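Student: with the sequence up front, the predicted model follows.
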Amino acid sequence: MLFAAFSAAASASEYSIQAILIANSPGDAVAGLVMGAPKDEKVDTVYALWLIRGGGRNILFDSGFHRERWFKLWTVKNYLRPEEAVRLAGVNPEQVTDVVISHAHWDHMGGIDLFPKAIVWIQKDEFLYYTGPAWQPTGDHGGIDPDDVQQLVRLNTEGRLRLVNGDNIELFPGIRAYTGARHTFASQYLRIDGHPPFVLASDSVYLYRNLAEHKPSATFTTADYPANLKAQERMVRLAGSPDRVIPGHDALQFQKFPTEGRVAKIK
């Protein structure tokens, strides 16, 4: 038993983490990212995904986007399709074993059809809401692409979808999913064990500035702001330092960590 526990811990500590840039978004309003920030302040942000390797797996946290309708609604510059972006880190699309979706928004779930052999992981409540009540008259499907939702259902019927049931769930040895930040109906973030550990926040923390100023990211409703702040505090505890909580859209992650081209080596 002791040997098994030691082996699991050793395996978990061997995960590497890379951030991969898929596009830039210049001139975003800071107030849309850091609740309570000055309304006229702007910041250049990024669209990214994160590659976690170890234990025989190539795991993507989030999958990017490629559906044309969103390019007309949002500022997207320097774009590279997600399946091409992962090649820059030395992984072919068919070598991606798993895609963990933080939440169902178009820029995070929109590439789930680009990795043909991957198992896709999403919170059960997120799946149930966005494949059902979100599209009813009283629902909220803002930022959700109907084609992505149909792809989720298709993956489920093909046996390639896994539903994560709640908080503090181990998905793989040393990688756990957490909830409570309420960016969407049931968004999740990841802690990757190791020496040191890291938390991949996705949009539960938009920018490092959210952590520094103790201000929430956008949430499912404004009533969820306190839950988002508590979740951010928890992320810092889980990572052991705010510097090891990786935000979803902050360009600084490609400056804080060693970067070659579009790929930053976080760990």
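Tutor: Perfect, I can see it now. Numbers count the residues shown, from 1 in each chain.

Student: how much space separates E84 from Q151?
Tutor: 19 Å (CB to CB, to the nearest Å). Bear in mind the C-beta positions are built from the backbone N, C-alpha and C, glycine included.

Student: the more surrounded of those two?
Tutor: Q151 (18 against 13; other CB atoms under 10 Å).

Student: quick check: that one vs R69, distance?
Tutor: Taking CB to CB, one finds Q151 at 15 Å from R69.

Student: which residues sit in contact with H214?
Tutor: By CB atoms under 8 Å, 6 or more residues apart in numbering, H214 lies in contact with L229, Q232.

Student: now with 7 Å, please.
Tutor: Shown in contact with H214 (CB atoms under 7 Å, 6 or more residues apart in numbering): L229.

Student: pLDDT score for it?
Tutor: We have a pLDDT of 98 for H214.

Student: R87 now?
Tutor: Value for R87, per-residue pLDDT: 98.

Student: neighbours around the nearest residue to it once chain neighbours are set aside, how many?
Tutor: What sits nearest to R87 in space, not counting adjacent residues and going by CB to CB, 6 or more residues apart in numbering, is P93, at 7.6 Å. By the criterion of other CB under 10 Å, P93 has 20 neighbours.

Student: measure P93 to V153 for me?
Tutor: As judged by CB to CB, P93 and V153 stand 21 Å apart.

Student: ok, now A227?
Tutor: A227 is 28 Å from V153, by CB to CB.

Student: more neighbours, the two?
Tutor: A227 (18 against 12).

Student: the more buried one belongs to a helix?
Tutor: Yes: A227 forms part of a helix when assessed by DSSP: H, G, I helix; E, B strand; the rest coil.

Student: spit out the contact partners of it.
Tutor: By CB under 7 Å, 6+ apart, the contact set of A227 is G180, A181, R182.

Student: narrow those to those that are buried.
Tutor: G180, A181, R182 (16 or more other CB atoms under 10 Å).

Student: name the nearest residue to the first one, ignoring sequence neighbours.
Tutor: Looking back up the chat, that one is G180. Closest to G180 by CB to CB, 6+ apart is A231, at 4.6 Å.

Student: element containing that neighbour, please.
Tutor: A231 belongs to helix 225-239 when elements are defined using DSSP states H and E.

Student: for N24, same thing?
Tutor: Secondary structure assignment for N24, by DSSP H and E: strand 16-29.

Student: mean confidence for that strand?
Tutor: pLDDT averaged over strand 16-29 gives 98.

Student: how about the following helix or strand past that strand: buried residues?
Tutor: Where DSSP H and E defines the elements, the next helix or strand beyond strand 16-29 is strand 42-54. Within strand 42-54, the residues scored as buried using 16+ other CB under 10 Å are V43, T45, V46, Y47, A48, L49, W50, L51, I52, R53, G54.

Student: and these, which two are the farthest apart?
Tutor: V43 and G54 (32.7 Å; CB to CB).

Student: any idea how far G261 is from Q18?
Tutor: 11 Å.

Student: whoops, R69 was the one
Tutor: Distance from R69 to Q18, counting by CB to CB: 29 Å.

Student: now do L229
Tutor: L229 is 29 Å from Q18, by CB to CB.
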